[in-house]
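> have a look at this prediction, sequence included:
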Amino acid sequence: MPQKYALLTATLVSSLLVFGAQARAENGVATDSILFGQAAVLGGPAAALGQGMKTGLNAAFEEINKKGGVHGRKLKLLSVDDGYEPEKSIVATKKLIEEDKVFALIGPVGTPTSAATQPIAAAAKVPFVGAFTGAGFLRNTKLENVVNVRASYDMETEAWVRHLTEDLKIKKIAIFYQDDAFGRAGLSGFKKAMEKRGLAIVAEGTYERNTVAVKTALLNIKREEPEAVVMVGAYKPCAEFIKLSRKVDFNPVFVNISFVGASALAKELGPEGKGVIVSQVVPFPWDASLKVVADYQAAIKAIDDKAEPEFVSLEGYLAGRLAIAALDKAGAGVSRESFLKAIKGTASFDFGGLTMTFGPDDNEGLDRVFMTVIQEDGKFKPVDKLTRVSSK
């Protein structure tokens, strides 16, 4: 009998060791948890962007964790501040992958930072999910580790020019942009949209990333008297540009890209924000008639009762929901490879009135762009057609 029990015990221990080894085979995956990493701007003049994505991701993860997690595993997020600088983002990303052993990267913020870090993730075969950027290079389906949630900057800039020229009959349009890969991505899309209509850009002005040095750009653009100024930047410099414009009685139609961080922009502008337009790539965060938005509102309140709905944290929440759906579909024996296959091999995911679609030649879940306008009270109004709004 003792020998029989000894043999049984040895077999059981061996099985448990094998099971444990399998459970720990993929970095970031433990028997009771899965660890995601986020390298994003959490401080400085673009902090609201990284913080918003972090809030949304945590809200989605906590929502599922309260239900027991995914296949018995709780989801964890490790967020690291990269200062919105490529060099710091490289260091942060390498640490997350090599030292912290995250399963996947999720919710990174910015074009220049993503351009610097996506190749690092690709080399390590780490998924790169839900980047807060519409940069075209991330839409290249040959990048096997990349999954996008939002529409591209080309789609946003096309929508800008279409609404300005068709709704408002404006042809004299200038551009203010951040002088880096992000700004140039927006500039490229804007040029395409203008050239498509046989229009020339009347003026350009730039500023340096992580600064609010916008006066020279303002002078260069104002000199050409454009009817509209489209803006590819973060909320603080864009707000500074608009506020200074108001002071010198320069009041064209201002149109901002979604990356700006709409709620942060409205807060920075205060009463000067009336009539400013922001293009968006996620549903209206205050429209609780859409189930996924109602879920989002409840989820952010559950982790912070002072949290208010806004576009950036909703985008983070949607990225989190996509990750959860992929983990669920991949099964208990999830690997990075099966996680990515679960997304790209599934035609569509329905998150309660919002559908993300993917395919062999499509790594972008959403492709809708709509326009919103800041009201006198600082709130946003979604519009199907632009109309002239006095800033006075």
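Ah, there it is.
> quick one: the strands in the stretch 151-300 of the chain?
For the stretch 151-300 of the chain, the strands defined by DSSP state E, counting those that start in this stretch cover 173-178, 204-207, 228-232, 253-256, 277-280.
> now do the longest one: distance to the chain's middle.
Relative to the chain's own centre, strand 173-178 is displaced by 21 Å; criterion: CA atoms, centre = their mean, to the nearest Å.
> residue numbering should commence at 628 henceforth.
All set: I'll call the first residue 628, so the last point we hit is now strand 800-805.
> tell me the mean pLDDT for that strand?
The average pLDDT for strand 800-805 rounds to 98.
> tilt between that strand and strand 855-859?
20 degrees (axes from the mean of the first three to the mean of the last three CA atoms, to 10 degrees).
> can you tell me what sits against strand 800-805?
788, 791, 810-811, 813-814, 817, 821, 826, 828-836, 841, 844-845, 848, 851, 853-861, 864-865, 868, 879 (CB atoms under 8 Å, 6 or more residues apart in numbering). (Glycine included, C-beta is placed from N, CA and C.)
> follow-up on the earlier one: for the strands of the stretch 778-927 of the chain, give me a markdown table that also has distance to V729.
Below are the strands of the stretch 778-927 of the chain laid out as a markdown table (distance: least, CB to CB, whole Å):
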| stretch | distance to V729 |
| --- | --- |
| strand 800-805 | 28 |
| strand 831-834 | 33 |
| strand 855-859 | 30 |
| strand 880-883 | 32 |
| strand 904-907 | 29 |
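> can I get those in TSV with mean neighbour count?
Below are the strands of the stretch 778-927 of the chain laid out as TSV (neighbours: other CB atoms under 10 Å):
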stretch	mean neighbour count
strand 800-805	26
strand 831-834	21
strand 855-859	27
strand 880-883	25
strand 904-907	24
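> for those, which one sits closest to V996?
V996 lies closest to strand 904-907 among the strands of the stretch 778-927 of the chain, at 5.6 Å (CB to CB).
> okay, and the beta partners of I661?
As for beta bridges, I661 partners with V656, L702 under DSSP bridges.
> would you check that it makes contact with G699?
No: between I661 and G699 there is no contact under CB atoms under 8 Å: 10.5 Å.
> which one's more surrounded, these two?
Counted by other CB atoms under 10 Å, I661 and G699 do not tie: I661 has more neighbours, with 23 against 10.
> circling back to that earlier point, tell me which of the contacts of strand 800-805 fall in helices.
788, 791, 810-811, 813-814, 817, 821, 844-845, 848, 864-865, 868 (DSSP state H).
> closest to L981 among those?
Out of the ones in helices among the contacts of strand 800-805, the member with the shortest distance to L981 (by CB to CB) is G813, at 25.0 Å.
> still on that earlier bit, and of the strands of the stretch 778-927 of the chain, who's closest to E725?
Here strand 800-805 is closest among these (CB to CB), at 30.0 Å.
> what strands flank the closest one, and is each parallel or antiparallel?
strand 831-834 (parallel), strand 855-859 (parallel).
> now tabulate those in a markdown table and tack on mean pLDDT and distance to A657.
Formatted as a markdown table, the strands paired with strand 800-805 follow (pLDDT from 0 to 100; distance: least, CB to CB, whole Å):
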| stretch | mean pLDDT | distance to A657 |
| --- | --- | --- |
| strand 831-834 | 98 | 45 |
| strand 855-859 | 98 | 41 |
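> tell me how far the nearest residue to L705 once chain neighbours are set aside lies from G710.
In this structure, L705 finds its nearest non-sequential neighbour in G664, 5.1 Å apart by CB to CB, 6 or more residues apart in numbering. Using CB to CB, to the nearest Å, G664 is found at 16 Å from G710.
> in the sheet, who's paired with the spatially most central residue of the chain?
Centroid-nearest residue in the chain: F759, 2.3 Å away (criterion: CA atoms, centre = their mean). Beta-bridge pairing for F759 (DSSP bridges): V736.
> need the contact list for it.
Here F759 is in contact with 667, 676, 680, 734-737, 777, 886, 939, 942-943 (CB under 8 Å, 6+ apart).
> cool, L1013 as well?
L1013 sits next to 790-791, 794-795, 880, 904, 998, 1000 when contact means CB under 8 Å, 6+ apart.
> same question for Y944.
683-684, 686-687, 923, 926-927.
> and if we set it to 10 Å?
Contacts for Y944 (CB atoms under 10 Å, 6 or more residues apart in numbering) come out as 679-680, 682-688, 690, 909, 912, 919-920, 922-924, 926-927, 936, 978.
> repeat for L791
Shown in contact with L791 (CB under 10 Å, 6+ apart): 797-800, 820, 824, 826, 854-855, 857, 880, 882, 904, 1013.
> got any ranges where this protein has weak pLDDT?
Scanning the chain for pLDDT under 70 picks out the ranges 628-652, 1017-1019.
> what residues go with each domain of it?
639-777+914-988, 780-907+998-1010 (automatic domain parsing).
> export stretch 978-987 as CSV, just CAs?
Taking Å, rounded to 0.1, in the frame of the first residue of the first chain, the C-alpha atoms of stretch 978-987 are listed here in CSV:
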residue,chain,number,x,y,z
PHE,A,978,-19.9,45.1,-27.6
GLY,A,979,-23.5,46.1,-27.1
GLY,A,980,-24.5,48.3,-30.0
LEU,A,981,-20.9,48.8,-31.2
THR,A,982,-19.3,46.4,-33.6
MET,A,983,-15.6,46.1,-34.3
THR,A,984,-14.7,44.2,-37.5
PHE,A,985,-11.3,42.6,-38.4
GLY,A,986,-10.0,40.4,-41.2
PRO,A,987,-6.9,39.2,-43.0
